[in-house]
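In: Sequence first, then the predicted structure, then my questions.
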Amino acid sequence: MDAKEIIARRVAREIRPNTLVNLGIGLPSLVANYLPDEVQVFFQAENGVIGLGARPPEGMEDPNLTDAGGGFVTAVPGAASIDSAMSFGLIRGGHLDMTVLGGLQVDERGYLANWMVPGKMVPGMGGAMDLVAGAKRVVVAMVHSAKGNPKIVPECGLPLTAARRVSLIVTEMAVIEPTADGLVLRERGPGVSVEEIEAATAASLIQLGEVPEMTLA
Amino acid sequence: MKTAIKVEEAAGMIPDGAVLLIGGFMAVGSPLRLIDAIVARGIKDLTVVANDTAMPGKGIGKLVSCGAVSRVIVSHIGLNPETQAKMMAGEMEVELVPQGTLVERIRAGGVGLGGVLTATGLGTTVEEGKQIVETGGKRYLLETPIRGDFALVSARQADYAGNLEYSLTAQNFNPVMALAADTVIAEPQNIVPVGVIPPDAVKTPGVLVDHLLERAA
């Protein structure tokens, strides 16, 4: 199982039935593949649909039904199409139960940087700042380090997405919960030791007793 | 009642230096025929307010490529390397605005509000130079209204009263933009006799629409 699949399977277990969930593009979008059938949720695409469905079969695409990454999608029975003001009203107004987003860096305060690398990558924040500032729960789904460089750091050097403590960080090596006291190491990845996690993490981690191995969906 | 006009006539109304609000999300729900006609006219120095600059060769991306645009106010340019290159080269001014803030600034401009208070962007680079307002024990950024000289909107269907009906994720910024410009030009895919669109299905009332483009050939 590769790193992304481990992350997606672990994040899938965070999703509660009968909630409204927004999955970011890329790795976070994989989470939908591992959701147990009995967990009924509505996925939001912030470009304007509640009740996002799977990719349509080839030849059945609707040019007016895409996700926030611009890919063709379907809508599930009970779906609603909404304009951008309603969509972001839901996000900022406390109606979005959870968002899953990718990350470039997360720090000891639990602050996330995921929208730009000065001088290199300036794509714009799109909906990311509204999602992190507004969602009830923010889960960061990302690989633990980038080409050997730790992404969980004492303080973000990259521009912040929001000055808000995210709810949970899920990587292939660990599940980490940012708290007022710092980053608490909750779970280990499959076959990963606490020492290995600490070696791959630039931030200090708090351990409260035994750290169990993560269960995957 | 409105008489549908030719796309060239509509594009001919737009002078150099105009501020255009253009609907669409990565070209889905953008007024594509109108954009082509503006490109063909060779207008200069436009300011474009939109969710994004699409991609090269598509929708707003065509306006960027032909050099018609000197300034954009958008939430995302990540899929258009030309916008990024022109920004880096100083050929085009790019103001990046969080998506939910952008739509509310346009809405404020359209509904007579003096601004928007939002927590999105607090503690980030978006905060720079903006007034912070404390009310109800919470801190917010004061974001100013946006209006355009023209709103160029796309709709699935119009009637000759100018009433507009949208389709799925193609609605995005269109309904809000139709409120916020001196002149509103609508590009419907189809036009039906007055009475065919039930009042409950009208999302943009015809009183907001100044000009209606002929239906697609």
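Out: Arrived safely.
In: and residue A:184, how many residues sit next to it?
Out: 15 (other CB atoms under 10 Å in any protein chain shown). Yep, even glycine has a C-beta here, placed from its N, CA and C like the rest.
In: contacting residues around it?
Out: A:176-178, A:205-208 (CB atoms under 8 Å, 6 or more residues apart in numbering or on different chains).
In: Equivalent analysis for residue A:157, please.
Out: The contact partners of residue A:157, by CB under 8 Å, 6+ apart, come to A:105, A:113.
In: Check what pLDDT it gets.
Out: On the pLDDT scale, residue A:157 is placed at 97.
In: quick check, it in a strand?
Out: No - applying DSSP: H, G, I helix; E, B strand; the rest coil, one finds residue A:157 to be coil, outside a strand.
In: distance of it from residue B:25?
Out: Look at residue A:157 and residue B:25: by CB to CB, to the nearest Å, they are 31 Å apart.
In: So what does residue 12 have for phi and psi?
Out: Since you didn't name a chain, this refers to chain A. phi -60, psi -30 (degrees, to the nearest 10).
In: look at chain B instead
Out: Here the main-chain torsion angles of residue B:12 (degrees, to the nearest 10) amount to phi -70, psi -20.
In: who's sitting farthest from the centroid in the chain?
Out: Assuming you mean chain A. Distance from the C-alpha centroid of chain A, by CA atoms, centre = their mean, peaks at residue A:59 (30.6 Å).
In: Wait, chain B was what I had in mind.
Out: In chain B, by CA atoms, centre = their mean, residue B:137 is the one farthest from centre (34.2 Å).
In: what's around residue B:131, how many residues?
Out: Count around residue B:131 with other CB under 10 Å applied: 12.
In: List the contacts of it.
Out: With CB under 8 Å, 6+ apart, residue B:131 has these contacts: B:141-142.
In: any idea where the strands of chain B begin and end?
Out: B:19-22, B:46-49, B:69-74, B:93-96, B:116-118, B:132-135, B:138-143, B:148-159, B:164-165, B:181-192, B:211-212 (DSSP state E).
In: Each with direction, which strands does the last one pair with?
Out: Strand B:211-212 has these partner strands in its sheet, going by DSSP bridges: strand B:181-192 (parallel).
In: Rounded mean pLDDT for the strand it pairs with, please.
Out: On average, strand B:181-192 scores 97.
In: Kindly report the same for stretch A:178-193.
Out: 98.
In: Buried ones in it, by neighbour count?
Out: Across stretch A:178-193, burial judged by 16 or more other CB atoms under 10 Å in any protein chain shown covers A:178, A:183, A:185-189, A:192.
In: again, but for stretch B:11-31
Out: B:11, B:14, B:18-31.
In: OK, contacts around residue A:106?
Out: Applying CB under 8 Å, 6+ apart to residue A:106 gives the contacts A:112-113, A:140, A:142, A:151-153, A:156, A:166, A:169, A:178.
In: What values do phi and psi take at it?
Out: phi -130, psi 140.
In: related to what we said a few turns ago, which among the contacts of residue A:184 end up buried?
Out: A:176-178, A:205.
In: Using a markdown table, lay out those together with distance to chain B and secondary structure.
Out: Below are those laid out as a markdown table (distance: CB to the nearest CB, whole Å; DSSP: H, G, I helix; E, B strand; the rest coil):
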| residue | distance to chain B | secondary structure |
| --- | --- | --- |
| A:176 | 21 | strand |
| A:177 | 21 | strand |
| A:178 | 15 | strand |
| A:205 | 24 | strand |
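In: among the helices and strands of chain B, which has the poorest mean pLDDT?
Out: When each helix and strand of chain B is scored by mean pLDDT, DSSP states H and E, helix B:81-88 comes last, with a mean of 94.
In: residues in contact with it?
Out: Residues outside helix B:81-88 that contact it (CB under 8 Å, 6+ apart): A:122-123, B:53, B:56, B:61, B:64-65, B:72, B:77, B:92-94.
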